[in-house]
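Undergrad: task: produce atomic coordinates for the following.
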Amino acid sequence: MSRQSVAKAHQKIQELSWDPVYHEPVSQYGTDYTFQKAKKKDPLKQVLRSYFPMQEEKDHRVYGAEDGAIRGNMFRQVQERWLEWQKLFLSIIPLPEISAARAMPLLFRTVPNPELHNGQAIQMIDEVRHSTIQQNLKRLYMNNYIDPAGFNNSLRNFQNDYCGTIGRQFAEGFITGDAITAASIYLTIVAETAFTNTLFVAMPAEAAANGDYLLPTVFHSVQSDESRHISNGYATLLMALSDESNHQLLERDLRYAWWNNHAVVDAAIGTFIEYGTKDRRKDRESYAEMWRRWIYDDYYRSYLVPLEKYGLVIPHDLIEEAWNRIWNKGYVHEVAQFFATGWLANYWRIDPMTDKDFEWFEFKYPGWYDKYGAWWENYNRLSTPNGHHPIVAENVDYVYPHRCWTCMVPCLIREDMVTDKVDDQWRTYCSETCRWTDAEAFRPTYQGRSTPNMGQLIGAREWETLYHGWNWADVVSDMGYVRDDGKTMVAQPHLHLDDPKKLWTLDHLRRMPEVQSPNVLLNQMTDAERAAFQADYNAQGPAGRPAPANT
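TA: Next up is the predicted model:
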């Protein structure tokens, strides 16, 4: 169909919109933003009769590639290390997608612009499609990969596993609190405009380098829809900017949305790209190099900075600190180490790093070995049962970290950890920005302004608190991460399935000390004990090393 006829159809759709005058509509999803009914255009002007044939063609290509992968024996060539990490990734990613679909109706009555409603409705269909093809990809992996365990039950236990709770809070940020904060700023302005670059472009490149060409096929199909979503977010942002009373909220939300996206997305995708790969070519980009190109240059400098001409204060300090954490503070490496520390509470197998991996990390991140090399050597040494505990319960110069109450990624950069008493509970935060988010931004009053729609960060947020005082074997059984024999664990700290003597079982875990929740212990401390604890925690070294002893 011609572009002219699409434009005419798009215009006709707007004429079908009306505001009811016979009653006062109930506001189902609240916002503290105000909008002037200034016309803002949907630049893409998509209509369903052109949209559906296009998406159908894309789906044919996705499912055709999946059929070709099976016929071409892709699963005999793909790297096991890579596909094991996909058990985590593909358990998490459909939830943000379906949450994004649910987010669009939050905007239908909040943003008074029928033209944008059309774009939001099409985005909702996009997001349902994304979740569908991603879950189908996971099903295909489960049915054809050598070790389907983990693919088959991760969604059932998404609410109570060691890592999935981090992804859950990220996805729920799209649909909770202020409608504009959640569905526009957090989702479309930051998550989709900035972080889908590394998520759906950089990561598929790494998948292909590991022999997996299905993930690139699926996720490039997903990324091709993001231009519409970015357009929806930008148009809504311009409408909000037209009312100066919104600037205070926009600046608040940009700070929260940027930092939480960085904390979660960089933690996950950085780990997959750096530690889930066997591709150690010196000329391929590291995650830091990808981040600098895709997010710092393409998003921050080309998208965010120009907003200053509208009088908006951009969180330059947080963007620079995010880069500082990735490049100078080893954020991704700390996260990978934490995931591997708790391998026994996961549902995938984490391959030890080898000399070839060490060499690549040292080349890309000078000084990496001095910080992390010894720990990974210990991980390798302790990877098969031989009378010792899993690494989490062994003395390897690693202090188990506290979780951040806000982003739920642990406080891994030890010197940045802060504490605060919020809602009569002492909480730890990975950074001052996460403390600000919980204690100041997500409150019914912000800087003297009433903000009743923001909500609060509440609930059973910390995995360790769910299982405080439990035996590790009972924890793994409760989560359901046990193989069909009833005792062998799904997770393993290696890839050796061929030798039963190398596989960890529940019997190995029963000898371990009980799970202890750092947050429960924190709230049992006196003020003096808590101050001493924080001073010690802040003095701890990279890779979770204990604080130097006082001399």
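Undergrad: would you mind measuring from the closest residue to Gln456 other than its chain neighbours to Met454?
TA: Once flanking residues are discounted, Gln456 sits nearest to Phe442: 5.4 Å by C-beta to C-beta, 6 or more residues apart in numbering. For glycine as for every other residue, the C-beta is placed from the backbone atoms N, C-alpha and C. The spacing between Phe442 and Met454, counted by C-beta to C-beta, to the nearest Å, is 5 Å.
Undergrad: just Pro114 next, same as before
TA: Remark: distance between Pro114 and Met454 (C-beta to C-beta) = 27 Å.
Undergrad: try Asn550
TA: For Asn550, the distance to Met454 - C-beta to C-beta - is 43 Å.
Undergrad: the two - which one has more neighbours?
TA: Met454 (23 against 5; other C-beta atoms under 10 Å).
Undergrad: and that one, what's its pLDDT?
TA: Note for Met454: predicted pLDDT of 93.
Undergrad: quick one, what contacts it?
TA: The neighbours of Met454, taking C-beta atoms under 8 Å, 6 or more residues apart in numbering as the test, are 32, 177-178, 181, 441-444, 446.
Undergrad: can you pull out the helices in the stretch 301-450 of the chain?
TA: Here the stretch 301-450 of the chain has its helices, by DSSP state H, counting those that start in this stretch, at 316-327, 331-341, 355-364, 368, 374-381, 432-436.
Undergrad: who wins for proximity to Lys8 among those helices?
TA: The minimum distance between Lys8 and the helices of the stretch 301-450 of the chain falls on helix 316-327, with 42.0 Å, by C-beta to C-beta.
Undergrad: and the angle for the closest one with helix 331-341?
TA: Angle of helix 316-327 versus helix 331-341, following axes from the mean of the first three to the mean of the last three C-alpha atoms, to 10 degrees, is 50 degrees.
Undergrad: average pLDDT across helix 316-327?
TA: 98.
Undergrad: pull out the buried residues from it.
TA: Judged by neighbour count (16 or more other C-beta atoms under 10 Å), helix 316-327 contains these buried residues: 318-319, 321-323, 325-327.
Undergrad: would you convert the residues you listed into a markdown table that also reports distance to Tyr213?
TA: Below are the buried residues of helix 316-327 laid out as a markdown table (distance: C-beta to C-beta, whole Å):
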| residue | distance to Tyr213 |
| --- | --- |
| Leu318 | 36 |
| Ile319 | 33 |
| Glu321 | 36 |
| Ala322 | 31 |
| Trp323 | 31 |
| Arg325 | 32 |
| Ile326 | 28 |
| Trp327 | 31 |
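Undergrad: max pairwise distance over those residues: which two?
TA: Leu318 and Trp327 (14.9 Å).
Undergrad: pLDDT-wise, which helix or strand of this protein ranks last?
TA: Ranking every helix and strand in the chain by mean pLDDT, DSSP states H and E puts helix 3-15 at the bottom, with a mean of 63.
Undergrad: next SSE after that helix?
TA: Using DSSP states H and E, the helix or strand that follows helix 3-15 in sequence is helix 48-71.
Undergrad: tell me which residues are up against that next one.
TA: Residues outside helix 48-71 that contact it (C-beta under 8 Å, 6+ apart): 1, 6, 9, 75, 122, 125, 129, 133, 136-137, 140, 144, 213-214, 217-218, 221, 224.
Undergrad: about what we covered before: what is the most widely separated pair among the contacts of Met454?
TA: Every pair in the contacts of Met454 was compared (C-beta to C-beta); the two farthest apart turn out to be Thr181 and Pro444, at 13.5 Å.
Undergrad: neighbour-wise, which of those two wins?
TA: In this view Thr181 and Pro444 are compared by other C-beta under 10 Å, and Thr181 has more residues nearby, 28 against 12.
Undergrad: for the more buried one, give me its contacts.
TA: Thr181 makes contact with 31, 249, 253, 256-257, 453-454, according to C-beta under 8 Å, 6+ apart.
Undergrad: apply 10 Å and report the result again.
TA: By C-beta atoms under 10 Å, 6 or more residues apart in numbering, Thr181 lies in contact with 31-33, 106, 173, 187, 249-250, 252-253, 256-257, 441-442, 451, 453-455.
Undergrad: same question for Arg301.
TA: Contacts of Arg301 were listed using C-beta under 10 Å, 6+ apart, and they are 295, 319.
Undergrad: how close does it sit to Ala194?
TA: Distance, Arg301 to Ala194, using C-beta to C-beta: 12 Å.
Undergrad: again, but for Arg545
TA: Arg545 is 33 Å from Ala194, where distance means C-beta to C-beta.
Undergrad: swap in Trp375?
TA: Separation of Trp375 from Ala194 (C-beta to C-beta): 31 Å.
Undergrad: comparing those two, which residue is more hemmed in?
TA: Neighbours per residue (other C-beta under 10 Å) separate Trp375 from Ala194, with Ala194 holding more: 25 against 22.
Undergrad: ok, for that one, nearest residue in space, not its chain neighbours?
TA: Nearest residue to Ala194, sequence neighbours excluded (C-beta to C-beta, 6+ apart): Tyr299, at 4.1 Å.
Undergrad: quick one: secondary structure of that neighbour?
TA: Three-state assignment for Tyr299 (DSSP: H, G, I helix; E, B strand; the rest coil): helix.
Undergrad: correct me if wrong: it contacts Asn197.
TA: Yes: at 6.9 Å, Tyr299 counts as touching Asn197 under the criterion of C-beta atoms under 10 Å.
Undergrad: name the residues of stretch 216-229 that are buried.
TA: For stretch 216-229, burial by neighbour count (16+ other C-beta under 10 Å) applies to 216-223, 225-226, 228-229.
Undergrad: can I get the buried part of the contacts of helix 48-71 as one PyMOL selection?
TA: Burial among these is assessed by 16+ other C-beta under 10 Å; the matching PyMOL selection reads:
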select buried, resi 6+9+75+122+125+129+133+136+137+140+144+213+214+217+218+221
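Undergrad: which ones among the contacts of helix 48-71 are found in helices?
TA: 6, 9, 122, 125, 129, 133, 136-137, 140, 144, 214, 217-218, 221 (DSSP state H).
Undergrad: surely Ala183 and Val190 touch.
TA: No: Ala183 is beyond contact range of Val190, at 11.8 Å (criterion: C-beta under 10 Å).
Undergrad: and the two? Which one has more around it.
TA: Higher neighbour count among Ala183 and Val190: Ala183, with 33 against 24, using other C-beta under 10 Å.
Undergrad: could you find the closest non-adjacent residue to that one?
TA: Ala183 sits nearest to Ala103 (C-beta to C-beta, 6+ apart), 3.8 Å away.
Undergrad: quick check: that neighbour touching Gly177?
TA: No: judged on C-beta under 10 Å, Ala103 makes no contact with Gly177 at a distance of 11.1 Å.
Undergrad: hey, what's in contact with both of the two?
TA: Common contacts of Ala103 and Gly177 (C-beta under 10 Å, 6+ apart): 29, 183, 186.
Undergrad: output those residues as a markdown table; include the columns distance to Ser383 and pLDDT.
TA: Converted to a markdown table, the shared contacts of Ala103 and Gly177 look like this (distance: C-beta to C-beta, whole Å; pLDDT from 0 to 100):
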| residue | distance to Ser383 | pLDDT |
| --- | --- | --- |
| Tyr29 | 49 | 81 |
| Ala183 | 44 | 96 |
| Tyr186 | 39 | 97 |
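Undergrad: for the stretch 101-250 of the chain, what spans make up the helices?
TA: Listed in chain order, the helices found in the stretch 101-250 of the chain under DSSP H, counting those that start in this stretch are 114-144, 164-172, 179-180, 196-197, 203-209, 214-223, 226-241, 247-261.
Undergrad: for Ala491, find the nearest of those helices.
TA: helix 164-172 (13.0 Å).
Undergrad: what's the angle from the closest one to helix 331-341?
TA: Per the same axes, to 10 degrees, the angle that helix 164-172 makes with helix 331-341 is 130 degrees.
Undergrad: can you start the count at 45 instead of 1 from here on
TA: Fine by me, first position is 45 from now on; the one you just mentioned is helix 208-216.
Undergrad: what's the angle between helix 208-216 and helix 291-305?
TA: On the basis of the same axes, to 10 degrees, helix 208-216 is oriented at 150 degrees to helix 291-305.
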